[in-house]
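Visitor: All I have is the shape, not the residue letters:
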């Protein structure tokens with residue numbers, strides 16, 4: 001469950017400011033923000049403390065990590081243009097110290113799942129709004145949030161080397177989320193690709 005304090009923080013922010021920074025749209029009738037997440041619209045309600053798929057008959061809630069990183073994004077997003085310069089997480093300040101041990105990016109499970117399966121990786125990436133880009137043996141850019149895309153670069157396993165998956169973020173990413181938020185975003189994206197659901 002997401003910390004109550006995060007919801008209180010989001011609920012206390014100026015609505016117009018949140019809209020401008022995050023590129024979300026607030027609905028005063030439902031008291032919720034409409035935000036595009038991986039090519040799907042979600043409604044985030046501080047009052048109901050919920051993140052749910054928009055305009056769905058069923059109550060569809062994304063995974064814990066998607067919910068956590070979404071609320072943090074709405075709180076912390078900045079009105080900044082993308083630089084188009086891509087960085088590994090260890091290139092951000094304090095990245096080499098943070099992204100290790102329990103905070104290692106979730107590359108291992110993705111490498112295991114797609115080590116010999118470029119077609120599955122491609123079809124799933126396309127299904128969740130990914131756009132094919134240059135890099136590795138197969139690479140996709142995902143519009144996770146409007147101001148926070150992420151790239152996954154896959155090198156397939158061969159007779160000499162095991163598979164390798166690398167997460168890349170725009171240089172502005174740590175302005176929108178702290179390092180633990182970028183880690184949670186990585187966990188969220190891995191969950192989507194491994195379980196075929198947000």
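Guide: Thanks, I have the structure now. These numbers were taken from a predicted model, which means no experiment stands behind them. Residues are numbered from 1 along each chain as shown.

Visitor: Point me to the residue sitting farthest from the middle of this structure.
Guide: When each C-alpha in the chain is compared with the mean C-alpha position (C-alpha atoms, centre = their mean), residue 159 comes out farthest, at 32.4 Å.

Visitor: And the helices in this protein?
Guide: Remark: helices assigned in the chain by DSSP state H are 4-11, 15-22, 64-76, 95-98, 107-114, 118-127, 173-176, 179-195.

Visitor: Reformat those as TSV; add distance to residue 41, mean pLDDT and mean neighbour count.
Guide: Backbone N, C-alpha and C define where each C-beta goes, glycine included. Output for the helices of the chain, formatted as TSV (distance: least, C-beta to C-beta, whole Å; pLDDT from 0 to 100; neighbours: other C-beta atoms under 10 Å):
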stretch	distance to residue 41	mean pLDDT	mean neighbour count
helix 4-11	18	97	14
helix 15-22	14	98	16
helix 64-76	12	97	22
helix 95-98	32	96	14
helix 107-114	26	96	17
helix 118-127	16	96	15
helix 173-176	19	98	21
helix 179-195	16	96	21
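
Visitor: Redo the ones you listed as a markdown table? Include distance to residue 38.
Guide: Shown next, in a markdown table, are the helices of the chain (distance: least, C-beta to C-beta, whole Å):
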| stretch | distance to residue 38 |
| --- | --- |
| helix 4-11 | 20 |
| helix 15-22 | 15 |
| helix 64-76 | 9 |
| helix 95-98 | 24 |
| helix 107-114 | 15 |
| helix 118-127 | 9 |
| helix 173-176 | 16 |
| helix 179-195 | 7 |
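
Visitor: of all these, which lies closest to residue 147?
Guide: Each of the helices of the chain was scored for nearness to residue 147 using C-beta to C-beta, and the closest is helix 173-176 (6.0 Å).

Visitor: got a list of contacts for that closest one?
Guide: Residues from elsewhere that reach helix 173-176 (C-beta atoms under 8 Å, 6 or more residues apart in numbering): 73, 76-78, 80, 87, 92-93, 145, 147-148, 150, 182.

Visitor: Then stretch 156-171?
Guide: Contacts of stretch 156-171 (C-beta under 8 Å, 6+ apart): 82-89, 92, 105, 107, 110-112, 114-116, 118, 135-138, 148-155, 182, 186, 189.
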